[in-house]
Structures are given as C-alpha cells and as structure tokens.
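1. just to be clear, the model below is a prediction. Sequence and coordinates:
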Amino acid sequence: MKLGLQLGYWAAQPPTNHAELVAAAEEAGFDTVFTAEAWGSDAYTPLAWLGRETRRLRLGTSVVQLSARTPTACAMAALTLDHLSGGRHILGLGVSGPQVVEGWYGQRFAKPLARTREYIDILRQVWAREAPVTSAGPHYPLPLSGEGTTGLGKALKPIVHPLRADIPIMLGAEGPKNIALAAEICDGWLPIFYSPRLAPMYNEWLDEGFARPCARRSREDFEICATAQVMVTDDRAATMAAVKPFLALYMGGMGAEGTNFHADVYRRMGYAEVVDDVTRLFRSGCKDEAAAIIPDEAVDDSAIIGDLNYVRAQIPVWEAAGVTMMVVTAGSAAQIRDLADLV
C-alpha cells in the first residue's frame with residue numbers, strides 16, 4: 001500500500017502550510033502529492049510551485065478538468081511539468097459536471113465518455129510525437145476546418161520533445177461506464193468516495209474495461225488511488241461530526257440538483273433516502289441540519305476514523321479490496337508522519 005497526499009484546491013485564500021506538508025510527505029516516504037481544481041485555483045500552478053522542492057515524490061493532478069483546457073493545451077502543461085520534475089508527473093483527469101462545465105467554462109457537457117476517449121487519444125498523440133496531431137472529432141477536431149474557419153489550420157507536432165512518450169493518465173470516475181473506461185484506456189483510477197464494501201461492484205466494472213480488446217493495463221499493473229479520510233482519534237463521535245458537513249456539501253450541494261455524480265455514489269451505497277433528505281435540506285439553506293442527519297455508517301463507508309488499533313486494522317481491508325494507494329489529507333507535518341507510520 002502506497003500513500004498519496006491530497007492538497008486539493010484552495011479555499012477563499014491560499015493555504016500557508018502546503019510547502020511544509022509536501023516536504024514532510026517526501027521525507028516520510030509518501031509516493032505522490034496531488035493537487036485539484038474546481039472554479040478557483042488551478043491544479044498545475046501549485047503543483048509546479050511546490051514540486052520544485054521535491055526530488056522523489058510523483059506529482060499528480062486529482063483532478064484537472066477536461067473542459068478547462070483543450071487536449072493539446074493539457075498535453076503541453078503535462079509534458080512541461082514532466083520535464084521539470086524529471087519524469088514524475090501523473091495526469092489525473094475528470095469531466096466534472098454540467099453545472100461547472102457549462103456554467104463556468106462555457107463548454108458543452110454532452111457525451112462525456114466519448115469526449116474523454118477523444119481527449120486522451122490526442123494527449124497520447126502529442127506525447128508520442130510520431131506524427132502531426134490530427135483528430136477526426138467530433139468533439140476536438142484537429143486541424144479545425146469548415147464553416148467559420150480560415151481553412152488555414154495545420155496539423156503540428158510539439159516543438160518540445162516530451163521527456164516521456166507515455167505520461168501516466170488516471171481518471172477520476174464515479175459511474176460504471178466511466179470506471180470501465182478508466183480500466184480500458186488509462187493507467188489508474190482516482191475514486192473520491194471509495195468504499196471497500198462495494199469492491200465486488202467496482203471490480204465488475206473494472207474487469208469490463210480490462211477485458212476490452214485494446215485495454216492498456218491489467219489488474220496487476222493498474223493503480224487505484226482512492227481518496228481516504230484517515231483520522232486517528234479517541235473521540236470518534238466528534239470526529240465523525242466534523243466530517244459530515246463535508247459529506248453534506250458533496251452529497252447535497254455539488255452539481256445540479258438532478259445531476260450530482262457524488263450523490264449517485266452514495267445512492268449506490270444504499271443511502272438514497274439520506275441523499276434525498278440531505279439534498280433537500282442543503283439546498284434550502286439548512287446546511288447544519290443536512291450534515292446532522294447523515295448516519296455514521298455513511299461516513300464509515302468511505303473513511304477510516306477511530307483509535308490507533310482500529311485504523312491500523314482497517315488499512316489492510318482497503319488493500320484487500322484492491323486499493324493500491326490511499327490518498328489522504330493532513331493538516332500538519334506531524335499528522336503526515338503518523339500516517340506514514342501506520343502504513
């Protein structure tokens with residue numbers, strides 16, 4: 001089992017201790033540090049800024065949003081960071097949701113699976129640098145031609161020779177078809193609310209992707225880097241209560257009311273009625289009440305919270321379920337060292 005540090009995206013102000021956390025993670029033997037983006041800070045700038053002081057940690061995005069960059073712009077950012085880090089970059093991608101894609105980026109959300117496949121094909125063409133990059137579309141046609149264009153577009157290869165012709169790609173996926181796609185065309189999966197209890201269901205979806213004719217990986221060399229709230233505490237009830245507002249936001253407030261992929265994850269876990277009630281309360285402004293009705297079992301399904309012996313016993317459960325890396329958050333260097341000692 002490997003450990004990853006999730007720095008996430010910034011809140012209202014830039015964090016002040018991320019450099020300390022990254023240094024502690026490198027010293028403690030963590031495998032990867034991840035950054036994220038929503039509709040505030042971007043993922044690449046902090047990752048490059050913080051990664052410059054590291055020598056061993058892999059530098060991952062978990063995740064960058066497809067609609068934030070054209071495929072070639074994303075490929076350029078990835079190959080640049082891969083050079084700067086000496087081949088330590090992991091590109092974690094996600095489609096986000098229609099509320100953000102259409103409301104923030106001004107892009108169309110339709111056909112996310114087809115868009116992801118086409119996007120990743122272009123990324124790999126750029127990095128392989130075997131020929132000028134072309135795509136028949138329909139989502140990212142290159143060169144662009146037709147009505148409204150000059151007709152002068154030219155297929156190009158990147159000026160910079162990529163350090164690696166095949167930078168690892170991981171997909172942030174939550175639904176069955178997207179998880180199968182990750183297994184088929186990517187090098188890893190980045191689940192945000194992973195539940196070991198549902199491993200047989202996840203494995204069925206992953207196996208569907210692995211079985212496809214052109215699958216890149218098998219279960220033996222595919223990474224599952226699962227976000228995991230791992231909290232060592234003697235006051236389990238209070239810590240559970242502190243986590244529930246975060247779950248209420250994702251369960252009830254992320255995305256459009258009828259299209260919330262995070263909520264769908266908890267529906268699959270068996271909490272459909274809870275999701276409906278949390279959504280109703282959260283969207284009516286009763287956020288504290290929404291958090292309060294989330295049962296402890298829903299927290300337990302995707303987190304490890306308890307005393308030292310409990311946490312130590314649960315980590316092998318996640319590993320047995322197929323998780324190859326636990327992606328954790330931490331507020332201090334001491335927490336990072338404690339987590340490293342557990343694993």
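-> Ah, there it is. All values reported here derive from a predicted model rather than from experimental measurement.

2. just list the residues touching residue 117, thanks.
-> Counting by C-beta atoms under 8 Å, 6 or more residues apart in numbering, residue 117 touches 181, 185. Any C-beta I mention is one placed from the backbone N, CA and C, and that applies to glycine too.

3. which SSE is it in?
-> Using DSSP states H and E, residue 117 maps to helix 112-128.

4. again with residue 231
-> strand 229-232.

5. export that strand as CSV, just CAs?
-> These are the backbone C-alpha positions of strand 229-232, laid out as CSV (Å, rounded to 0.1, in the frame of the first residue of the first chain):
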residue,chain,number,x,y,z
GLN,A,229,-10.2,10.3,5.2
VAL,A,230,-7.9,8.5,7.7
MET,A,231,-8.2,10.1,11.2
VAL,A,232,-6.7,8.7,14.4
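
6. list the strands paired with it, with their directions.
-> Partners of strand 229-232 in the sheet, by DSSP bridges, are strand 303-306 (parallel).

7. mind giving me the packing neighbours of the helix or strand just after the partner strand?
-> Counting by DSSP H and E, the next helix or strand C-terminal to strand 303-306 is helix 308-320. The contact analysis (3 or more C-beta pairs under 8 Å, 6 or more residues apart in numbering; DSSP states H and E) places helix 308-320 against strand 229-232, strand 303-306, helix 333-342.

8. pipe those into a markdown table and attach distance to residue 117 and mean neighbour count per row.
-> Formatted as a markdown table, these follow (distance: least, C-beta to C-beta, whole Å; neighbours: other C-beta atoms under 10 Å):
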| stretch | distance to residue 117 | mean neighbour count |
| --- | --- | --- |
| strand 229-232 | 32 | 20 |
| strand 303-306 | 32 | 22 |
| helix 333-342 | 36 | 17 |
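
9. weakest of the ones you listed by average pLDDT?
-> Out of these, strand 229-232 stands lowest, with a mean of 90 (criterion: mean pLDDT).

10. returning to that earlier point: right, and the helix or strand after the strand holding residue 231?
-> For strand 229-232, the following helix or strand on the C-terminal side (DSSP H and E) is helix 236-248.

11. distance from that following helix to the middle of the chain?
-> 22 Å (C-alpha atoms, centre = their mean, to the nearest Å).

12. if we look at it, which residues are touching it?
-> Against helix 236-248 from outside (C-beta under 8 Å, 6+ apart): 229, 231, 233, 278, 282, 287-288, 290-292, 294, 296, 298-299, 303, 305-307.

13. from those residues, list just the buried residues.
-> Buried subset of the contacts of helix 236-248 (neighbour count, 16 or more other C-beta atoms under 10 Å): 229, 231, 233, 278, 282, 287, 290-291, 294, 298-299, 303, 305-306.

14. and these, which two are furthest apart?
-> Distances among the buried ones among the contacts of helix 236-248 were taken as C-beta to C-beta; the most separated pair is 282 and 306, at 26.9 Å.

15. OK, contacts around residue 282?
-> By C-beta under 8 Å, 6+ apart, the residues touching residue 282 are 248, 249, 251, 252, 253, 290.

16. now the buried members of these.
-> Buried among these (16+ other C-beta under 10 Å): 248, 249, 251, 252, 253, 290.

17. how about those in CSV, adding pLDDT?
-> Output for the buried ones among the contacts of residue 282, formatted as CSV (pLDDT from 0 to 100):
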residue, pLDDT
248, 93
249, 91
251, 90
252, 88
253, 81
290, 94
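
18. could you redo the residues you listed as a markdown table and give each row distance to residue 342?
-> A markdown table is the format used below for these (distance: C-beta to C-beta, whole Å):
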| residue | distance to residue 342 |
| --- | --- |
| 248 | 28 |
| 249 | 27 |
| 251 | 27 |
| 252 | 31 |
| 253 | 32 |
| 290 | 31 |
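
19. taking helix 308-320 as reference, get the angle to the helix or strand where residue 204 lies.
-> Taking DSSP H and E as the criterion, residue 204 maps to helix 199-210. Per axes from the mean of the first three to the mean of the last three C-alpha atoms, to 10 degrees, the angle that helix 199-210 makes with helix 308-320 is 30 degrees.

20. please enumerate residues in contact with helix 199-210?
-> 176, 179-185, 189, 191, 194, 215, 217-219, 222, 268, 321-322.

21. rerun at 6 Å
-> The contact list for helix 199-210 (C-beta atoms under 6 Å, 6 or more residues apart in numbering) reads 176, 179, 180, 183, 184, 218, 321, 322.

22. just flag the most distant two among those residues.
-> 184 and 321 (20.8 Å).

23. any idea of the mean pLDDT in stretch 3-11?
-> For stretch 3-11, the mean confidence score works out to 97.

24. chain center to it: distance?
-> Between the centre of stretch 3-11 and the centre of its chain there are 10 Å (C-alpha atoms, centre = their mean).

25. what about the helices in the stretch 151-300 of the chain?
-> Remark: helices assigned in the stretch 151-300 of the chain by DSSP state H, counting those that start in this stretch are 176-185, 199-210, 236-248, 261-268, 272-283, 287-292, 296-300.

26. right, so of the ones you listed, which gets closest to residue 84?
-> Here helix 176-185 is closest among those (C-beta to C-beta), at 25.9 Å.
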